[in-house]
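Visitor: dropping a prediction and its sequence here:
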Amino acid sequence: MKQITGGITAAKGFQAAGIEAGIKYQNRKDMAIIYSEKPCVAAGTFTSNVVKAAPVKWDRKLLEESPYVQAVIVNTGIANAGTGAEGMKLCEETAKEASRVLGIPENAVLVGSTGVIGAQLPIDRIKAGISRLAEAKNDSLEAGTDASRAIMTTDTVNKELAVQVEIGGVTVTLGAMSKGSGMIHPNMCTMLGYVATDAVIEKEVLQKLLREDVVDTYNMISVDGDTSTNDTVLANGMAGNPTIQEGTADYEAFRAALHYVNETQAKRLAGDGEGATALVECHVYHADTKENARILAKSVICSSLTKAAVYGHDANWGRVAAALGRSGARFNQEDVDIDILGLPVCRAGLVVDFDEEEALRRFEEPEVAIEVDLHAGEESATMWTCDFSHEYVTINGDYRS
């Protein structure tokens, strides 16, 4: 597997575009399209939040019932969440218009929205935007980048990625774009994540791979503890590889490539959290069970005090230990070792003298690693977040305006 330049248009047969439609923002792109020249098998995972946006309901139903997908229409600025029957009607009208303009079935159109909750979408602008997207779409790398920028809200950078892997002697490409910066938390967060691949793979196999992989990727990031959306994979089969079968070497190669894409994009979401100055990684290892490792890592990552300490460049291991202790997982306090940025700060549950000046120097790095060794077993888990800064409050205090 190798990383290549590109994003959502990197795989054969995929086109994209991003335009300024004036949905809510001015002077910035706010609508995007992903289009496949051929029908795609598709898989998706969606939020566990009881309050679901209309596009989540639309897409989940479509993926369950439709034989294939060929286009995705996405807008930013307004989330089409908390909008009732009118919100579902807007999804339908969006799909109908895309169907008319693109010449594909209505049930082959996924929709995505992100932004302010409770406001209704201006359907006239959405429809006008679809026509412009259809005219602008192409398979260039620049078009993929435009699309990735068009789905941003409070993101400070667009997030795109492409990799290639050999499957049955054939080069298969996966391209991705994601957005997310706030309201990020497991199961799933306020993110839109799309992966397009030219691999030949059956829908059920693709869904299984995605469902299993999000457990240790998109469901292992948190910015602020708020869960709000969806991750979708499209596969059009244009690479011409032998059909990927479960239990084969090709299956493992594709799974590794998908995992790399999902994990890399997930870490980018966490590192670009609202007001963030650093990506924070917590690795818990030598746990007795995988579940306990995840619970403990999540407790540390979701600790506001720990995140504030990182922002303040304070190697305060006591906050890490306290987060471990309140997680609900059982472990022996006397067995716990903690390192922050590679510095031993706790051994056998007790403080270790360390060079505070050296710690301050290491905190200048863009990534902060917290390692917890439980000395209780062979299981491990890693989770990612960002620090809490003053800017986070400013951004969220002004979000609707």
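Guide: Yes, it's here.
Visitor: tell me which stretches of the stretch 301-401 of the chain form helices.
Guide: Ranges of helices within the stretch 301-401 of the chain are 304-311, 317-325, 356-362, 390-397, based on DSSP state H, counting those that start in this stretch.
Visitor: actually the stretch 51-200 of the chain, not the one I typed
Guide: 54-65, 84-102, 123-136, 141-150.
Visitor: now the shortest one against helix 123-136, angle please.
Guide: Taking axes from the mean of the first three to the mean of the last three Cα atoms, to 10 degrees, one finds that helix 141-150 is oriented at 160 degrees with respect to helix 123-136.
Visitor: which of the helices of the stretch 51-200 of the chain is buried the deepest?
Guide: Taking mean count of other Cβ atoms under 10 Å as the contact definition, the stretch among these with the greatest mean neighbour count is helix 141-150, which reaches a mean of 23. Any C-beta I mention is one placed from the backbone N, CA and C, and that applies to glycine too.
Visitor: please name every helix or strand in contact with that helix.
Guide: Applying 3 or more Cβ pairs under 8 Å, 6 or more residues apart in numbering; DSSP states H and E, one finds that helix 141-150 makes contact with strand 14-19, strand 31-46, strand 69-78, strand 159-167, strand 170-179.
Visitor: out of those strands, flag the one nearest residue 310.
Guide: Proximity to residue 310, assessed across the helices and strands packed on helix 141-150 by Cβ to Cβ, is greatest for strand 159-167 (21.7 Å).
Visitor: sheet partners, orientation included, of that closest one?
Guide: Neighbouring strands of strand 159-167 in its sheet, by DSSP bridges, are strand 2-4 (antiparallel), strand 170-179 (antiparallel).
Visitor: off-centre distance for the last one?
Guide: Between the mean C-alpha location of strand 170-179 and the chain-wide mean there is a distance of 14 Å, by Cα atoms, centre = their mean, to the nearest Å.
Visitor: got it, and the shortest one?
Guide: In terms of Cα atoms, centre = their mean, the gap separating the centre of strand 2-4 from the centre of its chain is 19 Å.
Visitor: could you list the low-confidence segments of this protein?
Guide: 181-190, 223-231, 275, 392, 395-396, 398-401 (pLDDT under 70).
Visitor: quick one: which of the strands paired with strand 159-167 is nearest residue 81?
Guide: For those, the distance to residue 81 is smallest for strand 170-179, at 15.2 Å, taking Cβ to Cβ.
Visitor: relative to strand 69-78, how tilted is that closest one?
Guide: Counting by the same axes, to 10 degrees, strand 170-179 lies at 20 degrees to strand 69-78.
Visitor: only the buried residues of strand 170-179, if you could.
Guide: By neighbour count with 16 or more other Cβ atoms under 10 Å, strand 170-179 contains the buried residues 172, 173, 174, 175, 176, 177, 178, 179.
Visitor: how near is the closest residue to the fourth one other than its chain neighbours to residue 310?
Guide: It stands for residue 175. Nearest in space to residue 175, with sequence neighbours left out and distances taken as Cβ to Cβ, 6 or more residues apart in numbering, is residue 10 at 3.5 Å. With distances taken as Cβ to Cβ, to the nearest Å, residue 10 is found 34 Å from residue 310.
Visitor: same thing with residue 302?
Guide: With distances defined as Cβ to Cβ, the gap from residue 302 to residue 310 amounts to 13 Å.
Visitor: between these two, point out the one with more neighbours.
Guide: Neighbour tally, residue 302 and residue 310, criterion other Cβ atoms under 10 Å: the higher count belongs to residue 310, 28 against 20.
Visitor: okay, which residue is most central for this protein?
Guide: The residue lying closest to the centre of the chain (Cα atoms, centre = their mean) is residue 266, at 4.5 Å.
Visitor: how about the strands of the stretch 251-400 of the chain, start to end?
Guide: All strands of the stretch 251-400 of the chain, identified by DSSP state E, counting those that start in this stretch, fall at 279-287, 337-340, 343-347, 350-351, 367-373, 379-386.
Visitor: can I get those strands in TSV with mean neighbour count and distance to residue 236?
Guide: Formatted as TSV, the entries for the strands of the stretch 251-400 of the chain read as follows, by neighbours: other Cβ atoms under 10 Å; distance: least, Cβ to Cβ, whole Å:
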stretch	mean neighbour count	distance to residue 236
strand 279-287	22	33
strand 337-340	22	45
strand 343-347	17	48
strand 350-351	11	56
strand 367-373	20	35
strand 379-386	24	31
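Visitor: turn those into CSV, including distance to residue 246.
Guide: Putting these into CSV (distance: least, Cβ to Cβ, whole Å) gives the following:
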stretch, distance to residue 246
strand 279-287, 28
strand 337-340, 38
strand 343-347, 43
strand 350-351, 48
strand 367-373, 34
strand 379-386, 24
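Visitor: which one of the ones you listed lies closest to residue 50?
Guide: For residue 50, the closest of the strands of the stretch 251-400 of the chain is strand 379-386, at 23.5 Å, according to Cβ to Cβ.
Visitor: show me what that closest one is packed up against.
Guide: Secondary-structure packing of strand 379-386 (3+ Cβ pairs under 8 Å, 6+ apart): helix 249-271, strand 279-287, helix 290-301.
Visitor: which non-adjacent residue is nearest residue 261?
Guide: In this structure, residue 261 finds its nearest non-sequential neighbour in residue 176, 5.0 Å apart by Cβ to Cβ, 6+ apart.
Visitor: residue 266 is in contact with the one you found, correct?
Guide: No: counting by Cβ atoms under 8 Å, no contact exists between residue 176 and residue 266, whose distance comes to 10.7 Å.
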